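Asker: Next one to model:
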Amino acid sequence: MADKLHFDLVSPERQLMSTEVDRVTVPGKEGQFGVYAQHAPVMSGLRSGMVEILNDGETKRVFVRGGFAEVNQEGLTVLAEEAIAEEDLNGEILAQRVKDAEEDLADAKDDASRQKAQEALDQLKEVEAALQS
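Answerer: Sure thing, here's the model as predicted:
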């Protein structure tokens, strides 16, 4: 049996995954990179995108935004500011949330409200872009 990589995926809300896998592809700040068992130690900031987890021929995708990834002797740990499993991302609901955020931005009465609405809209568009990749 080939070596497996220990993989942990953690968000502020909870630990989403802790398992042995064949490979994980991470959207690093400097570009996407794959991690297998016995990978050299590395640390990377995360850009918004999909983490792809390959195990026994099946691929699972999880959207991540912000955070960092660390590869060490124990395996790979991804600490994400936000993490949402692909199956939990519904296109219609997401499109409605984008529309609502655009309306909130248009209705903003002051700079603080405008900035908050713009940040929410930007995050939703990052999710949309990741789903289309």
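Asker: What are the contacting residues of the strand ranked longest in the chain?
Answerer: Selection of the longest strand in the chain by residue count, based on DSSP state E, yields strand 58-72. Under the contact criterion Cβ atoms under 8 Å, 6 or more residues apart in numbering, strand 58-72 has outside partners 9, 16-17, 26-28, 35, 39-46, 48-53, 76-86, 89, 123, 126-127, 130-131. Glycine gets a C-beta too; all of them are placed from N, C-alpha and C.
Asker: And stretch 109-120, how far out from the chain middle?
Answerer: Distance, stretch centre to chain centre, for stretch 109-120: 24 Å (Cα atoms, centre = their mean, to the nearest Å).
Asker: oh, I was asking about stretch 7-17
Answerer: On Cα atoms, centre = their mean, the centre of stretch 7-17 falls 11 Å from the chain's centre.
Asker: Same question for stretch 88-107.
Answerer: In terms of Cα atoms, centre = their mean, the centre of stretch 88-107 is found 19 Å from the chain centre.
Asker: What are the contacting residues of it?
Answerer: F63, R114, A117, Q118, A120, L121, L124, K125, V127, E128, L131.
Asker: Would you confirm that the second one contacts A108?
Answerer: Translated: R114. Yes: R114 is within contact range of A108, at 3.9 Å (criterion: Cβ atoms under 8 Å).
Asker: Report the inter-axis angle for whichever helix or strand A83 is part of versus strand 58-72.
Answerer: Following DSSP states H and E, one finds A83 within strand 75-85. Here strand 75-85 points in a direction 130 degrees away from that of strand 58-72 (axes from the mean of the first three to the mean of the last three Cα atoms, to 10 degrees).
Asker: In the next helix or strand after strand 75-85, which residues are buried?
Answerer: Using DSSP H and E, the helix or strand that follows strand 75-85 in sequence is helix 91-107. Buried residues in helix 91-107, counted by 16 or more other Cβ atoms under 10 Å: R97, V98, A101, D104, L105.
Asker: then helix 91-107 to PDB, C-alphas only?
Answerer: Provided in PDB are the C-alpha atoms of helix 91-107 (Å, rounded to 0.1, in the frame of the first residue of the first chain):
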ATOM      1  CA  GLY A  91     -25.400  27.900  -7.100                       C
ATOM      2  CA  GLU A  92     -28.900  29.400  -6.800                       C
ATOM      3  CA  ILE A  93     -28.600  30.300  -3.200                       C
ATOM      4  CA  LEU A  94     -25.200  31.800  -3.900                       C
ATOM      5  CA  ALA A  95     -26.500  33.900  -6.800                       C
ATOM      6  CA  GLN A  96     -29.300  35.300  -4.500                       C
ATOM      7  CA  ARG A  97     -26.700  36.100  -1.800                       C
ATOM      8  CA  VAL A  98     -24.600  38.000  -4.400                       C
ATOM      9  CA  LYS A  99     -27.700  39.900  -5.600                       C
ATOM     10  CA  ASP A 100     -28.600  40.800  -2.000                       C
ATOM     11  CA  ALA A 101     -25.000  41.900  -1.300                       C
ATOM     12  CA  GLU A 102     -25.000  44.100  -4.400                       C
ATOM     13  CA  GLU A 103     -28.300  45.800  -3.200                       C
ATOM     14  CA  ASP A 104     -26.800  46.300   0.300                       C
ATOM     15  CA  LEU A 105     -23.800  48.000  -1.300                       C
ATOM     16  CA  ALA A 106     -26.000  50.200  -3.400                       C
ATOM     17  CA  ASP A 107     -28.100  51.100  -0.300                       C
END
